[in-house]
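> Got a predicted model here, sequence first, then my questions.
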Amino acid sequence: MAVKEAERIADKKINYPKLLSIGSLHMGQYFPMGFGGIALPAIMVSAGMPVSMMWLLGLPTIPRSLKWLMALVVDNYGSRRVGMRKTWIIPCTVLGASLYYVISFMPPTMLTIYTIVAILVVKSFIMGAQDIAVDAFAAESMNDRDRAIGTSIINIMANLGGFIGGSLMAAYGLLGWGLTMTLAATLLILAAVPAVIRKEPPPPLASEQRRKRGERPSLIRALKRRDSRYIIPFLFAFGYAGTFMGGLFSPFLVHMGVPLPSIGGILPVAGLIGGTGTALLTPILVKRVGLRGAGIVGMCFLPIEGLTFAWLSYRGELPGFLTLIALCSALFFSTGIYGYAVSISRFRWASKAQAGTDYSLQSSLWNLGVYAGGAVAGFVAEWYGYTVYYIIAAGVATAFALCYVLMFNYVERLVQVREAAETEDVAPFDAVEAV
């Protein structure tokens, strides 16, 4: 196994089919999420739901904050013949899509929204297990050479999925809720096919060494590591700040008088243009100035984004359709550099000895931050108006981004020591404590 691992590391050729299959799995998740995430808030606000009730639509994100519990099962059990990760990816994808099909029979109204949210909560548990397997597969498969490229491919394809899913909003008036959600669920299934038909590679060396020592994936071990003391709180803050500033954009557009079909054109197009530009630039930027430098560049644009939307709110008038798309694309592109830097760091921070548990613990705290940020944002916008809300959001996002920049070098040293220990017959926790 050690020889196979050494051969993989020595191979200078980036395995693009592998990275594309991982990206396709991420893309599939965003077809129904992209449509529902944009459509539900906009539809419900148009139906009279106050923005202070956005916490209701955020409830399906709560199960994703419990991924750390599910990860212990996903990391421990699976068929080596089918693939440790595909054992979970295949059935969870089918079950998740089935629940989306059920929702397609329930057009969202103030009466049905509670049932829809309840089904989405169940769906989140199922797709949470799928997400654990997908993220663990990505964390195990990528190394320092291809991590930036791989993360960019994942994000480009996720942006494409979000664009297609969000663009279905434009077809909502023509096709209706049922057909549109059915189409999104079908795309989720189709996107999983490339990864399912590929042979899953063997577990990484660190994972084999863990089994050799007789250890099982451990949440306690992950929490006790010194690097986790910085990574875990930061990822909660990262999720909180991202949703606190960006989670109310579609309700904001409704507030400013933008019709639903136009919202279905603005957000997906701007997200695709800005996200794809960021994905193409970030690997080059990381190669030149490093992850920390890329984070600094993206951080500098966070207050600009928040203050721009505050100014638009204060002005009480939005620019024309194409101008607004161009403006949003530019802002999403520039601030996305910081988000990409953090995404690349997350794959590096996850231990290959227990990738599912580690990455899911990170994701759980991040998703808890996502829910908290989205819930608080609705109340702040309701109480103080969108102008003050966006000013506050700019300050919060910039402050938390500064934390990433300041802690980066120290956390990197801790991770390097831990990675070296995990591939040897020593206790990784003891080695890291010696730093």
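Structure's in. What do you need?

> ok, residues contacting stretch 299-308?
245, 327, 331, 334-335, 337-338, 390-391, 393-395, 397-398, 401-402, 404-405 (C-beta atoms under 8 Å, 6 or more residues apart in numbering). Every C-beta, even on glycine, is put in place using the N, C-alpha and C of the backbone.

> Can you tell me which of those residues are buried?
Buried subset of the contacts of stretch 299-308 (neighbour count, 16 or more other C-beta atoms under 10 Å): 245, 327, 331, 334-335, 337-338, 390-391, 393-394, 397-398, 401, 404-405.

> can you give me the helices for the stretch 51-200 of the chain?
According to DSSP state H, counting those that start in this stretch, the stretch 51-200 of the chain carries its helices in the segments 54-58, 67-76, 86-103, 113-141, 147-197.

> Of all these, which one is nearest Ser363?
Minimum separation from Ser363 across those (C-beta to C-beta) falls at helix 67-76, 5.2 Å.

> what number of residues lie near the spatially closest residue to Ala138 that is not a sequence neighbour?
Spatial nearest neighbour of Ala138, excluding adjacent residues (C-beta to C-beta, 6 or more residues apart in numbering): Ile22 at 5.0 Å. Residues near Ile22, counting by other C-beta atoms under 10 Å, number 24.

> any idea which helix or strand carries Ile22?
Assigned by DSSP states H and E, Ile22 belongs to helix 16-46.

> tell me the angle that helix makes with helix 147-197.
Between helix 16-46 and helix 147-197, the angle comes out at 90 degrees (axes from the mean of the first three to the mean of the last three C-alpha atoms, to 10 degrees).

> what angle sits between helix 16-46 and helix 113-141?
Inter-element angle recorded for helix 16-46 and helix 113-141: 160 degrees (by the same axes, to 10 degrees).

> Looking at the protein, which helix is longest?
helix 355-422 (DSSP state H).

> Next, report how far it is displaced from the centre of its chain.
Relative to the centre of its chain, helix 355-422 is centred 12 Å away, using C-alpha atoms, centre = their mean, to the nearest Å.

> tilt between that helix and helix 113-141?
Using the same axes, to 10 degrees, helix 355-422 lies at 20 degrees relative to helix 113-141.

> Make residue 1 into 32 and carry on from there
With 32 as the first residue, the last one maps to helix 386-453.

> still on that earlier bit, in the helix holding Ile53, what counts as buried?
So, applying 16+ other C-beta under 10 Å, buried residues of helix 47-77: 49-76.

> elements contacting that helix?
helix 85-89, helix 117-134, helix 144-172, helix 178-228, helix 280-286, helix 291-346 (3 or more C-beta pairs under 8 Å, 6 or more residues apart in numbering; DSSP states H and E).

> Of those helices, give the one that comes closest to Ser110.
Evaluated over the helices and strands packed on helix 47-77, closeness to Ser110 peaks at helix 117-134, with 4.8 Å, by C-beta to C-beta.

> how about the closest one: buried residues?
Neighbour counts over helix 117-134 (16+ other C-beta under 10 Å) mark 117-121, 123-124, 126-128, 130-131, 134 as buried.

> Check stretch 167-180 too.
Buried positions in stretch 167-180, judged by neighbour count with 16+ other C-beta under 10 Å: 167-174, 177-180.

> Among those residues, which one sits closest to Ala202?
For the buried residues of stretch 167-180, the nearest to Ala202 is Ala169 (30.9 Å; C-beta to C-beta).

> distance of the closest one from Leu100?
Plainly put, Ala169 is 21 Å away from Leu100 if you go by C-beta to C-beta, to the nearest Å.

> How about Pro139?
30 Å.

> Neighbour count: these two, which is higher?
Using other C-beta under 10 Å as the criterion, Pro139 and Leu100 rank with Pro139 on top: 21 against 15.

> Is it possible to get the helices of the stretch 82-231 of the chain out as TSV so that each row also shows mean pLDDT and distance to Pro334?
Output for the helices of the stretch 82-231 of the chain, formatted as TSV (pLDDT from 0 to 100; distance: least, C-beta to C-beta, whole Å):
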stretch	mean pLDDT	distance to Pro334
helix 85-89	82	24
helix 98-107	82	31
helix 117-134	92	37
helix 144-172	88	30
helix 178-228	81	23
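
> And the ones you listed: which comes nearest Ser259?
When the helices of the stretch 82-231 of the chain are compared by C-beta to C-beta, helix 98-107 sits nearest Ser259, at 11.4 Å.

> Would you mind writing the CA trace of that closest one as CSV?
Only the C-alpha atoms of helix 98-107 are listed here, as CSV (Å, rounded to 0.1, in the frame of the first residue of the first chain):
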residue,chain,number,x,y,z
LYS,A,98,-22.9,15.7,9.7
TRP,A,99,-20.2,14.9,12.3
LEU,A,100,-22.4,12.3,13.8
MET,A,101,-23.2,10.7,10.5
ALA,A,102,-19.6,10.8,9.4
LEU,A,103,-18.5,8.3,12.1
VAL,A,104,-20.8,5.7,10.4
VAL,A,105,-19.9,6.7,6.8
ASP,A,106,-16.2,6.5,7.6
ASN,A,107,-16.4,3.2,9.4
